[in-house]
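S.K.: attaching a predicted model along with its sequence, questions to come.
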There are 4 protein chains.
Amino acid sequence: MIFLKNDYSLGAHPTVMDALIETNLELTDGYGEDKYCTQAAELIKRLFACPDADVHFLTGGTQTNQTALAAFLLRPHWSVISADTGHICVHETGAIEATGHKINHVKTPDGKLTPELIKEVLIFHEDEHYVLPKAIYISNSTETGLIYTKAELQALRECCDKHGLLIYLDGARMAMALTCEDNDLTFEDFPKLADAFYIGGTKCGAMFGEALVIVNDALKPDFRFLIKQRGGLLAKGRLLGVQFQALLDNDLYLELGRHANRLAKMLAEGIAAKGYEFCIPPQTNLIFPMFPKELEAELRKKVMYETWPVVTETHQAIRLVTSWGSTEEEVRGFLELI
Amino acid sequence: MIFLKNDYSLGAHPTVMDALIETNLELTDGYGEDKYCTQAAELIKRLFACPDADVHFLTGGTQTNQTALAAFLLRPHWSVISADTGHICVHETGAIEATGHKINHVKTPDGKLTPELIKEVLIFHEDEHYVLPKAIYISNSTETGLIYTKAELQALRECCDKHGLLIYLDGARMAMALTCEDNDLTFEDFPKLADAFYIGGTKCGAMFGEALVIVNDALKPDFRFLIKQRGGLLAKGRLLGVQFQALLDNDLYLELGRHANRLAKMLAEGIAAKGYEFCIPPQTNLIFPMFPKELEAELRKKVMYETWPVVTETHQAIRLVTSWGSTEEEVRGFLELI
Amino acid sequence: MIFLKNDYSLGAHPTVMDALIETNLELTDGYGEDKYCTQAAELIKRLFACPDADVHFLTGGTQTNQTALAAFLLRPHWSVISADTGHICVHETGAIEATGHKINHVKTPDGKLTPELIKEVLIFHEDEHYVLPKAIYISNSTETGLIYTKAELQALRECCDKHGLLIYLDGARMAMALTCEDNDLTFEDFPKLADAFYIGGTKCGAMFGEALVIVNDALKPDFRFLIKQRGGLLAKGRLLGVQFQALLDNDLYLELGRHANRLAKMLAEGIAAKGYEFCIPPQTNLIFPMFPKELEAELRKKVMYETWPVVTETHQAIRLVTSWGSTEEEVRGFLELI
Amino acid sequence: MIFLKNDYSLGAHPTVMDALIETNLELTDGYGEDKYCTQAAELIKRLFACPDADVHFLTGGTQTNQTALAAFLLRPHWSVISADTGHICVHETGAIEATGHKINHVKTPDGKLTPELIKEVLIFHEDEHYVLPKAIYISNSTETGLIYTKAELQALRECCDKHGLLIYLDGARMAMALTCEDNDLTFEDFPKLADAFYIGGTKCGAMFGEALVIVNDALKPDFRFLIKQRGGLLAKGRLLGVQFQALLDNDLYLELGRHANRLAKMLAEGIAAKGYEFCIPPQTNLIFPMFPKELEAELRKKVMYETWPVVTETHQAIRLVTSWGSTEEEVRGFLELI
């Protein structure tokens, strides 16, 4: 079977694994209060040019989104606006609502929020009979494989500043977002554009782990209490520091994103060359070709992937995902099948 | 000013007030464990032909919806499906989400759920990465002033039975629903069609109060604990029993609904006669005419009402509401203005 | 039966009832945005000498405690310290925990918190593995029928200021606290000593209702959202304003407290004169005599009261409660029985 | 520095690490639906003789306790009884209350629950004004380093069955409990005595991870939804299966517990031989000697450990912890210091 199902099925990148092996029998303080976490946090603050940020390491994306948003939505009636394709809307089993907060779901053409879409939500919420939107959730790259441009994020920032909204950015696939050909963002832009964001590890070379960066001072106090309360304070916290240090040293993190994007592009170009179309234009490591239903039925016998809920009378969309561990051989293998 | 703004601005109907005055200085057990609550519950079970139901009295609609749904959605990942115009979606400040549960918002043409709309939600929620829909919320009459027919409710019941969904019916305006000309439901139909429902008092003649009827045995245990935990167990609980007895004796409840509907019809016919249209066809005591914007600007100087978010280039929709206390004089006064 | 069971079983004091009757058929804005609520709030701000406070009216004590504490404990890891006899600890079915917050239960000799007891809690809570105490809950008079002196409250205020704790005061029986012989507090002291407190209506002459006074600016924003979200925003909110105006005009409120205390004193003196002891020294309208078990068994046939969980080999404690509606005849009747 | 501070500061036992290295670059399904998790679950069901149990793998103890208890306490008013030294009471930042449930804290002489202590709680909770205790939380070994005997657990089981209470057992240190000299339990006893329990990995040789075993059928449905909702469903779930397989094959798990206990015993005997006393009798790998304050002040310069809140005028208690990685050299080094 050719594996194009997701970007979180391999273990750790060998460099990350080596770092874990090397430090395995050290005795350090627990719960992230060790030198590796400190060093990784320093490295992140340097790379992202945010010396005053707080950096926390958590084990997974849903945990990070839930802990951060529940912490940032200070008051019970505050809600968060998200594209209805956002991970928090659909794939986290109501994790945000479980903390007591409403998500304002927004229909979007492509999975990306815009100032206009935000304003429509705000206008509707007029008084105390409604929740009060206080934050937006965006992901970059998105669950639809697209990226935000710097101009788009600046427009969101301006809109949010004007309306008193926080920006929380889910960077589960930040490595791919930043190494996409169309990208014009750098590490240093994130702290300027978001109040808090996380640097995805799980999908970008780590065994597990995400690094949450809190830029806005108002969001910093007591955050460790909240991680602990939600069960996210890993006893052997240094495992996360060790991994992020390995990933972010020597450009490995971006290298892995570049690799995934390069193979996705090879895949997309091959698919397009054979005359197939995409329901979302390919941009990063998630691509969404439409295949004739008969062909799709054949493909699933030889390729592992997920279908995507766009269907016409004759065609079915599927989601193909490449990762840091995907190979040209797999891509070529797939292209031969179509 | 002519008052057509809502149906909860008057105090209690004189008959209800008299009952409160008469019993005011009695000493009874607290928290609803008194003879008046017992008698009112018996009366309700008799009128609705559900001798085995549990009846609880609460003070308001949002409190009733929140307490009931939080109790019925036993497990944290269970969600409730509602038309996105439903009271719980928009006008309760996230009360359901505050209890940890997601509402699956559904766009509808008219504010009414259908089996087809429900099925679309169910298909999308495929595994443990999604919430699990376990109940539907409907109101009759709806927030759009419409009613469900018996056939429509039976179709919902069948659909819900097939898919393991509970039906919770918000009867804030049950008096108006049951006395609408198009209605083919009786008191006795409710326990057959819903697992739980409430009989609205606040908008139908009571000073305050709603009577929650729990039909489904699985939903009954320990419900008083849940009312108490959410602050809804009124110390002088008998106030609610006294009122519902007064309302439901001698057909007063339906009489009040009939009156509101009659005046709304007079209003709607008058408006139509003058050539104006409605963005939702008038059916009960909430009607939604569209007026030219200049006229609407004049009207708001002399009439109290709310606007409705349907706007064209030239027209603005407004919501007019009649109640048990509205007068023909007010209706004629309004019609003279247009 | 002689009724000495509680102080919330009568309806409204006739003066309050008259005010409700008189305003019953007026049309006012809903949800507390009417002239009666405005006037009652102004009256309270004047009587309590806190012109900048926010006043909100809710229907019951548990609802008020839950809504206020959930609002004041902004962050999920913040907890509230309470005597373990406090109403929120035992008689509210976990209402505070249901909002996600821990109560730090404190064993006390008499149901009153002290700086020393608070400090013991604080010392124990050292880092992010523990909750963070951020408020104290006290009631005056307490569930044990005792009152705080001004000096005691000032000591609590000083301690709380030093340690960054808010003071929330439950005044369900404020009328009795302020008219107790040992009392040295006035209305005007409350806003100086508490960050927020409520003036009890249900147990002090109202049909139902409590007036929450928020003094601390930090606790004011958006409070109406929180009342609405917890189902506490009464549609016909004016009912509460009308009642508090009636109660607080012309000293009626304190008059009712004085009456209850006077009868309780008569009762206590009569019991003491016959040689019986008290497990808590009598101070306000809740008194706790100890009777021989055989006598207690006789009493319960002729008097309605609750037992109190203090038992010796030979004696059983009971709780006797007088109210604004108790009569000298009832007191004399009781004394004849012992 | 000699390290006797805790049992979770080393990484993974080399055998566990080897298993992680070996499987690192395999592609498997995510979220625990892979062959390693399946095999580890089968192994656990065989070793614990509970073929019908459900086994889930989570990353840490607080997460496991929170997810399990929130799932088992189905209704909002259900509470869990725990010794007030229990991990959920003090060291989890209010994680249980954050899910809306009250913990009934119980003072105990030694950190262990008994039927008598449970009954005292039950008697106090009489009606719907109180929470309803529905489960007990126990840990074996306890946070005080003690174990339950089979007879003690059977007595708890009998008491809980009689009163409709579930038993949840926290086995964070199950390896040490089962290899303690005084122990008379085997793996096979756990499913008979508890409705659900977890096999601790983090403190017993794993890099991270706990295996939750759900025995009671009523607690099984939809548990994966709840893990996901609380952020505990690890994307690369196989990491947990791989580790538990490595630990539980070939008796490694118990071997590691035996080692920790053996060194703790050596330490305790050495301390006793020098004439010092213990505030809790030493039994497993957590021991609590009392040292003269001057000596304690010296010790902390050369040994890493935590103090314990038992102090006399002259002595201070400390907590010493041995682990699978502790050495005889460290123990001898400590004994030389006293």
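M.R.: Sure thing, it's come through.
S.K.: ok, and does the helix or strand hosting residue A:245 reach over to chain D?
M.R.: Assigning secondary structure by DSSP states H and E places residue A:245 in helix A:238-248. Yes - Helix A:238-248 reaches chain D (C-beta under 8 Å from any C-beta of the partner chain) through residue A:239. From N, CA and C alone the C-beta is placed, and that goes for glycine too.
S.K.: ok now that helix, how far from the chain's centre?
M.R.: Computed by C-alpha atoms, centre = their mean, to the nearest Å, the chain-centroid distance of helix A:238-248 equals 18 Å.
S.K.: and the stretch 101-250 of chain A, which residues reach chain B?
M.R.: Within reach of chain B by C-beta under 8 Å from any C-beta, the stretch 101-250 of chain A has these residues: A:101-103, A:105, A:124, A:128-131.
S.K.: out of these, which comes closest to residue D:11?
M.R.: Here the nearest of these to residue D:11, counting by C-beta to C-beta, is residue A:101; it sits at 36.6 Å.
S.K.: which residues of the stretch 1-150 of chain A fall in strands?
M.R.: A:2-3, A:54-58, A:78-83, A:103-106, A:132-139 (DSSP state E, counting those that start in this stretch).
S.K.: which other residues reach the fourth one?
M.R.: Outside of strand A:103-106, the residues within contact range by C-beta atoms under 8 Å, 6 or more residues apart in numbering or on different chains are A:79-84, A:86, A:88-89, A:96-97, A:113, A:117-118, A:120-121, A:125, A:131, A:133, A:137, B:102, B:105.
S.K.: among those residues, the buried ones, what's the ChimeraX command?
M.R.: To isolate the buried subset of the contacts of strand A:103-106 in ChimeraX, counting by 16 or more other C-beta atoms under 10 Å in any protein chain shown, use the following:
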select /A:79,80,81,82,83,86,88,89,96,97,113,117,118,121,125,131,133,137 /B:102,105
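S.K.: residues near the residue nearest to residue A:314 when sequence neighbours are not counted, how many?
M.R.: In this structure, residue A:314 finds its nearest non-sequential neighbour in residue A:292, 6.0 Å apart by C-beta to C-beta, 6 or more residues apart in numbering or on different chains. Using other C-beta atoms under 10 Å in any protein chain shown, residue A:292 is surrounded by 14 other residues.
S.K.: tell me how many other residues surround residue A:301.
M.R.: By other C-beta under 10 Å, the residues close to residue A:301 number 8.
S.K.: any idea how far it lies from residue A:336?
M.R.: 14 Å (C-beta to C-beta, to the nearest Å).
S.K.: what's the offset of stretch A:130-149 from the middle of its chain?
M.R.: That offset, for stretch A:130-149, works out to 10 Å (C-alpha atoms, centre = their mean).
S.K.: my bad, stretch A:247-259
M.R.: Going by C-alpha atoms, centre = their mean, where stretch A:247-259 is centred and where its chain is centred differ by 16 Å.
S.K.: buried sites along it?
M.R.: A:247-248, A:252-259.
S.K.: tell me the one of those nearest residue C:163?
M.R.: residue A:248 (40.3 Å).
S.K.: can you count the residues close to residue A:168?
M.R.: Neighbours around residue A:168, by other C-beta under 10 Å: 27.
S.K.: wasn't it part of a strand?
M.R.: Yes - the assignment for residue A:168 by DSSP: H, G, I helix; E, B strand; the rest coil puts it in a strand.
S.K.: can you pull the pLDDT of it?
M.R.: What the model reports as pLDDT for residue A:168 is 98.
S.K.: what do you get for residue A:321?
M.R.: Taking residue A:321 on its own, its pLDDT is 98.
S.K.: make sure it is actually in contact with residue A:305.
M.R.: Yes - under the criterion of C-beta atoms under 8 Å, residue A:321 makes contact with residue A:305 at 7.4 Å.
S.K.: quick one, helices of the stretch 151-300 of chain A?
M.R.: In the stretch 151-300 of chain A, the helices defined using DSSP state H, counting those that start in this stretch lie at A:174-178, A:190-193, A:223-229, A:238-248, A:252-273, A:293-302.
S.K.: picking up where we left off before, which among the strands of the stretch 1-150 of chain A is found nearest to residue C:311?
M.R.: Comparing these by C-beta to C-beta, strand A:78-83 comes nearest, at 48.9 Å.
S.K.: pull the closest one out as CSV, backbone CA atoms only.
M.R.: Only the C-alpha atoms of strand A:78-83 are listed here, as CSV (Å, rounded to 0.1, in the frame of the first residue of the first chain):
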residue,chain,number,x,y,z
TRP,A,78,-16.8,34.8,25.5
SER,A,79,-16.8,32.9,22.2
VAL,A,80,-14.3,32.2,19.5
ILE,A,81,-14.9,32.6,15.8
SER,A,82,-13.6,29.9,13.4
ALA,A,83,-14.1,28.8,9.9
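S.K.: partner strands of that strand and their direction?
M.R.: Here strand A:78-83 has these sheet partners by DSSP bridges: strand A:103-106 (parallel), strand A:132-139 (parallel).
S.K.: single out the most deeply packed of those.
M.R.: Sort these by mean neighbour count, taking mean count of other C-beta atoms under 10 Å in any protein chain shown, and strand A:132-139 sits at the top with a mean of 24.
S.K.: would you agree residue A:220 is in contact with residue A:214?
M.R.: Yes - taking contacts as C-beta under 8 Å, residue A:220 lies within contact range of residue A:214: 5.3 Å.
S.K.: what touches both of those two?
M.R.: Joint contacts of residue A:220 and residue A:214 (C-beta under 8 Å, 6+ apart) are residue A:54.
S.K.: the more surrounded of these two?
M.R.: Per other C-beta under 10 Å, whichever of residue A:220 and residue A:214 has more neighbours is residue A:214, with 26 against 15.
S.K.: any idea of the pLDDT on the more buried one?
M.R.: Residue A:214 is given a pLDDT of 98.
S.K.: now swap in residue A:74 and tell me
M.R.: For residue A:74, pLDDT reads 86.
S.K.: tally of neighbours for residue A:126?
M.R.: 8.
S.K.: now the residue nearest to residue A:90 when sequence neighbours are not counted: phi and psi?
M.R.: Spatial nearest neighbour of residue A:90, chain neighbours left out: residue B:130 (6.5 Å); criterion: C-beta to C-beta, 6+ apart. The phi/psi pair for residue B:130 (degrees, to the nearest 10) reads phi -110, psi 160.
S.K.: what's the distance between residue B:130 and residue B:124?
M.R.: 7 Å.
S.K.: ok, these two, which is more surrounded?
M.R.: Using other C-beta under 10 Å, the more surrounded residue of residue B:130 and residue B:124 is residue B:130, with 21 against 12.
S.K.: my understanding was that the more buried one contacts residue A:89; is that so?
M.R.: No - Residue B:130 lies out of contact with residue A:89 (C-beta under 8 Å); the separation is 9.9 Å.
S.K.: what helices or strands is the helix holding residue A:245 leaning on?
M.R.: The contact analysis (3 or more C-beta pairs under 8 Å, 6 or more residues apart in numbering or on different chains; DSSP states H and E) places helix A:238-248 against helix A:14-23, helix A:35-47, strand A:54-58, helix A:252-273.
S.K.: using JSON lines, lay out the strands of the stretch 1-150 of chain A together with mean pLDDT.
M.R.: Converted to JSON lines, the strands of the stretch 1-150 of chain A look like this (pLDDT from 0 to 100):
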{"stretch": "strand A:2-3", "mean pLDDT": "96"}
{"stretch": "strand A:54-58", "mean pLDDT": "98"}
{"stretch": "strand A:78-83", "mean pLDDT": "97"}
{"stretch": "strand A:103-106", "mean pLDDT": "97"}
{"stretch": "strand A:132-139", "mean pLDDT": "98"}
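S.K.: quick one: the nearest residue to residue A:271 once chain neighbours are set aside from chain D, how far?
M.R.: In this structure, residue A:271 finds its nearest non-sequential neighbour in residue A:289, 4.9 Å apart by C-beta to C-beta, 6+ apart. Plainly put, residue A:289 is 21 Å away from chain D if you go by C-beta to the nearest C-beta, to the nearest Å.
S.K.: check contacts around residue A:289.
M.R.: A:268, A:271, A:276-279, A:317-318, A:320.
S.K.: helix A:293-302 and whichever helix or strand residue A:319 is part of, what's the angle between them?
M.R.: Element membership for residue A:319, per DSSP H and E: strand A:315-321. Orientation check (axes from the mean of the first three to the mean of the last three C-alpha atoms, to 10 degrees): strand A:315-321 against helix A:293-302 gives 30 degrees.
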